[in-house]
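Q: need a structure here:
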Amino acid sequence: MTPIQTPNIFAPVSTPALAIRDLSFIVLAITGAIFLIVAGVAVYTLIRFGRRPTNPEVEPAQVYGSTQIELAWTVVPLLIVVVLFLVTARYVYGIERRPQPPDALEITVVGNQWWWEIRYPKLGIVTANEIHVPVSDVANPALTFITVESVDVAHSFWVPQLAGKMDAIPNKTNRVWIEPRQVGTYVGQCAEYCGLQHALMLLVVVVHPKEEFRVWVAAQQAAPAERAAARAGRDLFSSLACVNCHSIRGTPGNGVFGPDLTHLMSRSTLGAGAVRNTRENLRAWVKDPAAFKVGALMPAMKLDDAQLDQLVAYLVTLR
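A: Purely as a prediction, here's the structure:
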């Protein structure tokens, strides 16, 4: 995996995020100037007109009914608000009204407690917690349009270096788009409190060179390899309640309540960022998910050590 970037709204690599940063700088400049003026006047007033120890009873001159001052503190703030509104509206319109090109990559992101389902409708790919997209360049732009949904409570999709926040609301569809210009791995987060494990609802966007993305797509579209040594674990998976929540192509598992496991080991984490995806952590996760993620809806499977070994030996083949 490419180096993971620290989330930073001031280091954007995607067109919408660049626009949001530029707007942020404009707002910071205007509000910073206001702060300096107000603070400067306040400091000057304290120094110039502070109470003098030698004349403790002398009251400063009182000014009443100054039309000029009243106009200034009414009109100037109004103009500032109007300017900020018009600038913000221009940027919001430019981002929200971007038309979708015919060749844009389409992805559906569905918020769940507490993980993300990722679907590529036109490619026939279903994965979880990791979005893979191609890099965009000036000669060959590659835009990705993302439909954001939720199946339970309100969530919020946010990858700071790629785009602004977009709420995932039950029974409502929202849209966001990205145009990443730099290869890398970018970390996102659910930005709306959604329950006990809100903090462990991470999201990763991996931006590939175009050819590397095509390789990833081909790998995800392929059926998982059948290995004789893992047959016992496959049969065990098919006999357990796992099949009610999870899907694996080529098995009876067709559940929709948990992540699709067809290419489980191609992902970097388990439990939406709860722990690194290694064989040892996978075994511990299957044994007791709550040890990593308190309140996780996946139950402990109550398997003995032999069954755990068989099941994990099968799951690690799902690459």
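Q: In this model Ser266 seems to touch Ala219, though I could be wrong.
A: Yes - at 7.1 Å, Ala219 counts as touching Ser266 under the criterion of Cβ atoms under 8 Å. C-beta: built from backbone N, CA, C; applies to glycine.
Q: Need the residues touching each of the two.
A: The contact sets of Ala219 and Ser266 overlap at Arg319 (Cβ atoms under 8 Å, 6 or more residues apart in numbering).
Q: More neighbours: which of those two?
A: Counted by other Cβ atoms under 10 Å, Ala219 and Ser266 do not tie: Ser266 has more neighbours, with 15 against 12.
Q: which residues touch that one?
A: 127, 219-220, 319.
Q: So which residues of the stretch 1-150 of the chain form strands?
A: 4-5, 105-112, 115-120, 125-128, 130-134, 144-150 (DSSP state E, counting those that start in this stretch).
Q: Please produce TSV containing these, extended by mean neighbour count.
A: Listed next are those as TSV, based on neighbours: other Cβ atoms under 10 Å:
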stretch	mean neighbour count
strand 4-5	15
strand 105-112	21
strand 115-120	22
strand 125-128	20
strand 130-134	22
strand 144-150	21
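Q: Which among these is found nearest to Thr15?
A: Of all the strands of the stretch 1-150 of the chain, strand 144-150 sits nearest to Thr15, with 10.9 Å by Cβ to Cβ.
Q: quick one, helices of the protein?
A: For the chain, the helices defined by DSSP state H occupy 15-49, 67-96, 210-221, 231-239, 242-245, 279-287, 305-315.
Q: circling back to that earlier point, closest one of the contacts of Ser266 to Ile178?
A: Distance to Ile178, by Cβ to Cβ, is smallest for Thr127 among those, at 17.0 Å.
Q: so what's the nearest residue to the closest one once chain neighbours are set aside bridging to?
A: Sequence neighbours aside, Ile118 is the residue nearest to Thr127 in space, at 4.8 Å (criterion: Cβ to Cβ, 6 or more residues apart in numbering). Beta-bridge pairing of Ile118 under DSSP bridges involves Val109, Thr127.
Q: can I assume Ile118 is in contact with Val126?
A: Yes - with contact defined as Cβ under 8 Å, Ile118 counts as touching Val126 (7.2 Å).
Q: Pro12 versus the closest residue to Ala104 other than its chain neighbours, what's the distance?
A: Among residues not flanking Ala104 along the chain, Leu143 sits closest, at 4.5 Å (Cβ to Cβ, 6+ apart). Here the criterion is Cβ to Cβ, to the nearest Å. By it, Leu143 lies 15 Å from Pro12.
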